[in-house]
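> with the sequence up front, the predicted model follows.
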Amino acid sequence: MSENVTFWFDVTCPFAWQTSRWIKEVEKVRDITVEWTPMSLAVLNDGRDLPADYLERMKAAWGPARVFAAVKAREPEKVDELYTTLGTILHADGEAGKGDFGAYDEVIAKALAQVGLDAGYAEYANTDEWTEKLKEYHQSALDSVGDEVGTPVVKLGDTAFFGPVITRVPQGEEAGEIFDASVRLAQYPYFFEIKRTRTEGPQTR
């Protein structure tokens, strides 16, 4: 029986990217069905007292998230491919971490072209047309997992968690074994969290 997975992501988040690449590895070795859904670090951190440089990055993060909201609503079957394409540009090719509004306009246009999506989607990055829909998708993650989270949020069956947070991507059967363990934890109704101090950042390149 196929395991249902819902994966909420902000494409600019390197931690979400690493976890998503793990799920892509799991697809190769386990029978899973994944629904890719945008959420937003900009929405999550709105109004919080955070360092100035991080707040600048949040201004830039609005653009890609709005585009994903539009694509999710209109062409949901393309979200997976667009995430892989734009995420590769941002994280593997080193274009992530930008600040200021509109900073990702060029790479959004490039990714849309690569996956064959209408170039007009790029126009939504810097308008509010899809902001409310983005907030709806974002809220669906919080409704599943609670408020004290970041990205990604992963729902395994009926249970959602923030994470898993990984810095390197397991490959092949190891990816499957970690997935099996995560599913088993999700099946236990009284399991809530495991955490330890990170000793490295995401190794995206």
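Cool, got the structure.
> what is the mean pLDDT for stretch 88-105?
Across stretch 88-105, pLDDT averages out at 90.
> now do that stretch: everything it contacts.
Residues outside stretch 88-105 that contact it (CB atoms under 8 Å, 6 or more residues apart in numbering) are 11-12, 14, 17, 53, 56-57, 59-60, 62-64, 107, 110-111, 122, 125-126, 202, 204-205. Backbone N, C-alpha and C define where each C-beta goes, glycine included.
> I'd say residue 81 and residue 111 touch.
No - with contact defined as CB atoms under 8 Å, residue 81 does not count as touching residue 111 (9.4 Å).
> of these two, who's got more company?
For residue 81 versus residue 111, the count of surrounding residues by other CB atoms under 10 Å is larger for residue 111: 26 against 17.
> tell me the buried residues within the contacts of stretch 88-105.
Neighbour-count burial (16 or more other CB atoms under 10 Å) applied to the contacts of stretch 88-105 gives 11-12, 14, 17, 57, 60, 62-64, 107, 111, 122, 125-126, 202, 204.
> mind picking the two most distant members of the residues you listed?
The largest separation in the buried ones among the contacts of stretch 88-105, counting by CB to CB, is between 126 and 202 at 27.2 Å.
> all strands for this structure, in order.
3-9, 32-38, 153-156, 159-162 (DSSP state E).
> just want the phi and psi numbers for the nearest residue to residue 55 once chain neighbours are set aside.
Nearest non-adjacent residue to residue 55, counting by CB to CB, 6 or more residues apart in numbering: residue 45, 7.7 Å away. Note on residue 45: its backbone torsions stand at phi -100, psi 0 [degrees, to the nearest 10].
> next: residue 188.
Torsion angles, degrees, to the nearest 10, at residue 188: phi -90, psi 110.
> who's in contact with residue 133?
Counting by CB under 8 Å, 6+ apart, residue 133 has contacts 69, 70, 72, 73.
> how close does it get to residue 66?
8 Å (CB to CB, to the nearest Å).
> center of the protein - which residue?
Central residue of the chain (CA atoms, centre = their mean): residue 9, 1.7 Å from the mean position.
> fine, thanks again, bye for now.
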